[in-house]
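A.B. asks: show me how the following folds:
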Amino acid sequence: MGGPYYSRAKEGLFTVERPKTSDMPDIDRLPEFICNSVYLSGNDPGMLGRLTSLPTEDEIRQIKKVFDIEKILLENKQDRLGREKELHQYARQLVQQGKVKEALAVLMLGHEAKREISQPGSL
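C.D. replies: Reported below is the predicted structural model:
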């Protein structure tokens, strides 16, 4: 596949329209931790790369208030790998539902949480 064409085994061929102008036109502009995620399928980063911009800090803060996200963060507070896995899998579900911007916010939130845990005195 390529360009605007994607495929899912259960759903067949579909297209995602590419914006005419973009601050972030390709998956090459996505953060490395998203492109290298073992929890996202091959199509997921491509779908995320079609967004015109990264989520704002406010959008990331808002997604944190979603019940499912709060639950993932609380249940995996001390388990960085478990938190990453759960957030990436949740983001993948959002991509499959067509909620691509929200999915990217979830992934960015997970990355923020990882940085906070790694900073001394942040717990």
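
A.B. asks: so Thr52: helix, strand or coil?
C.D. replies: Secondary structure of Thr52, reduced to three states by DSSP: H, G, I helix; E, B strand; the rest coil: coil.

A.B. asks: how close does it get to Leu109?
C.D. replies: As judged by CB to CB, to the nearest Å, Thr52 and Leu109 stand 19 Å apart. Heads up, the C-betas are built off the backbone N, CA and C, glycines and all.

A.B. asks: check what pLDDT Glu57 gets.
C.D. replies: According to the prediction, Glu57 has pLDDT 88.

A.B. asks: I meant to write Leu94 there.
C.D. replies: We have a pLDDT of 94 for Leu94.

A.B. asks: again, but for the one 10 residues further on
C.D. replies: The predicted local distance difference test score for Leu104 is 92.

A.B. asks: helix/strand/coil for it?
C.D. replies: Leu104, by the three-state scheme (three-state DSSP), is helix.

A.B. asks: looking at Thr52 and Leu109, which is more packed in?
C.D. replies: Each of Thr52 and Leu109 had its neighbours counted (other CB atoms under 10 Å), and the higher figure belongs to Leu109 (23 against 13).

A.B. asks: is that one within a helix or a strand, and which one?
C.D. replies: Leu109 belongs to helix 100-118 when assigned by DSSP states H and E.

A.B. asks: all helices of this structure, in order?
C.D. replies: Counting by DSSP state H, the chain forms helices over residues 32-35, 43-48, 57-64, 67-75, 80-96, 100-118, given from the N-terminal end onward.

A.B. asks: which of those helices sits closest to Glu11?
C.D. replies: Proximity of those to Glu11 was assessed by CB to CB; the nearest stretch is helix 80-96, lying at 9.0 Å.
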